[in-house]
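K.L.:
Below: sequence and its predicted model.
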Amino acid sequence: MPNTDNTYGTFNKQTKTYKQLRDPSSQVHTVFADLDQAKSYFFTDDALTIFDECCTQISWALIADEYGDNTGLKVTYAFGTKGSPTQSAADDWAEQFKTRQQALIDSNTFFRATTSNNLEYNDSTDHLF
């Protein structure tokens, strides 16, 4: 569940898309029945925890591919601030997200191992909120 630190607004809104790459020879891919299945397909539990703990606003959506199958995932998120005048930037939500995410990426534990070689991800300006 996202944190509730929105007293001073939210900042650093970002949108990312995650899509499976189809194997041209087999056309094998996973079609998602719901958001939970898609989130678990792309991300480890630790990665999902980072989204839940650090984001103040977050919205997820399935993405249909060129065949109409829900094979992708989109997320828009923004961060509030903890708001303390003595709060260091490194301890605030956006930087916590960035630091914790990078640690998982560096240890190859952000994306599920089964998807990391079959994945395309991009920034998007088409926000969900």
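P.N.:
Thanks, I have it.
K.L.:
Got phi/psi on the closest residue to residue 93 other than its chain neighbours?
P.N.:
Distances taken as CB to CB, 6 or more residues apart in numbering put residue 79 closest to residue 93, at 4.1 Å, once the chain neighbours are dropped. (Glycine included, C-beta is placed from N, CA and C.) Backbone torsions of residue 79, given as degrees, to the nearest 10, read phi -120, psi 140.
K.L.:
Residue 79 against residue 98, yeah?
P.N.:
No: Residue 79 lies out of contact with residue 98 (CB atoms under 8 Å); the separation is 9.7 Å.
K.L.:
before we move on, back to that, quick one: the residue nearest to residue 93 from residue 11, how far?
P.N.:
Residue 79 sits 6 Å away from residue 11, taking CB to CB, to the nearest Å as the criterion.
K.L.:
so what's in contact with these two at the same time?
P.N.:
Here residue 79 and residue 11 have residue 94 as joint contacts, going by CB atoms under 8 Å, 6 or more residues apart in numbering.
K.L.:
who's more crowded, the two?
P.N.:
When residue 79 and residue 11 are compared for neighbours, residue 79 comes out ahead with 27 against 13, by other CB atoms under 10 Å.
K.L.:
what about residue 98, how many neighbours?
P.N.:
For residue 98, using other CB under 10 Å, the count is 15.
K.L.:
actually residue 112, not the one I typed
P.N.:
Neighbours of residue 112 (other CB under 10 Å): 16.
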